[in-house]
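**Q** Pasting a predicted model and its sequence here:
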Amino acid sequence: MGLEHDEIVRLLLSGRVLLLAYIHSIVRDSHLAEDVLQEISVLAIRKREEIVDEAHFRAWIRRAARLEAMNVLRRHQKLSTAMPEPVLEALEVHWDNRDEEWAADRIDALRQCVGRLTSNSQQLLRMRYHEGVSGISLAERLGKPVNTIYVALSRIHRALADCVARRMAAQGNV
């Protein structure tokens, strides 16, 4: 039996900053990195039945991120800008070490931070990650430009990351 939908969303949100940094280190483009993150987030929700536990999720999402990032670079004919394979392997080792540092208090901080968001921001997160609605579809549903949706999501993610960082620092868990 796989992970529940809410658990996948929680893991995606709690690991978003690290995962986005990992993807960005491969594609070296903020917009492409965000696109890759959104694609693999939706994929993770769709494949949740196959993901056994949190450790499996972390390994799976890294592989999915790396593969999708390389595919995006191929499609955009930017493969020459990708990091060399040995550097990507070194990042994998660093990521594995970072996985061990994740703690329940970080997840609790994220839950509290999400709870402090405006209802509009919470709705946008719910539609994007819980319902798996794409950025383009969100824009259509809400009658807003696509760029506005992506900017809003980026701001929400940044606000959550800052909030979690502040809470962790206040607890002495940096």
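**A** Structure's in. What do you need? In this text the structure is predicted, and so the values were computed from the model without any measurement.

**Q** How is this structure divided into domains?
**A** Per automatic domain parsing, the structural domains of the chain span 5-99, 104-170.

**Q** From the chain's centroid, how far away is the last one?
**A** Here the centre of mass of C-alpha atoms in domain 104-170, compared against the chain's by C-alpha atoms, centre = their mean, to the nearest Å, lies 11 Å away.

**Q** how many other residues sit next to Leu19?
**A** As a burial measure, Leu19 scores 23 neighbours (other C-beta atoms under 10 Å). Yep, even glycine has a C-beta here, placed from its N, CA and C like the rest.

**Q** quick one, what contacts Glu68?
**A** Val36, Glu39, Ile40, Leu43 (C-beta atoms under 8 Å, 6 or more residues apart in numbering).

**Q** Only the buried residues of the helix or strand harbouring the first one, if you could.
**A** Think Val36. Using DSSP states H and E, Val36 maps to helix 30-46. Buried residues in helix 30-46, counted by 16 or more other C-beta atoms under 10 Å: 32-45.

**Q** Following the chain past it, name the next helix or strand.
**A** Using DSSP H and E, the helix or strand that follows helix 30-46 in sequence is helix 54-75.

**Q** all helices for this structure, in order.
**A** Along the chain, the segments classed as helices by DSSP state H run 5-14, 16-27, 30-46, 54-75, 85-99, 104-116, 119-125, 135-142, 146-170.

**Q** Any chance of CSV for these, columns mean pLDDT?
**A** Output for those, formatted as CSV (pLDDT from 0 to 100):
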stretch, mean pLDDT
helix 5-14, 88
helix 16-27, 82
helix 30-46, 91
helix 54-75, 89
helix 85-99, 59
helix 104-116, 79
helix 119-125, 91
helix 135-142, 91
helix 146-170, 87
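
**Q** Give me the phi and psi angles of Val133.
**A** phi -80, psi 130 (degrees, to the nearest 10).

**Q** Would you agree Val27 is in contact with Ala69?
**A** Yes - applying C-beta atoms under 8 Å, one finds Val27 in contact with Ala69, separated by 5.1 Å.

**Q** more neighbours, those two?
**A** Ala69 (28 against 24).

**Q** which residues does that one contact?
**A** Ile23, Ile26, Val27, Leu32, Ala33, Val36, Ala82 are the contacts of Ala69 under C-beta under 8 Å, 6+ apart.

**Q** one more time with 6 Å, if that's ok
**A** Counting by C-beta atoms under 6 Å, 6 or more residues apart in numbering, Ala69 touches Ile23, Ile26, Val27, Val36.

**Q** residues in contact with the last one?
**A** If you count contacts by C-beta under 6 Å, 6+ apart, Val36 has them with Ile23, Glu68, Ala69, Val72.
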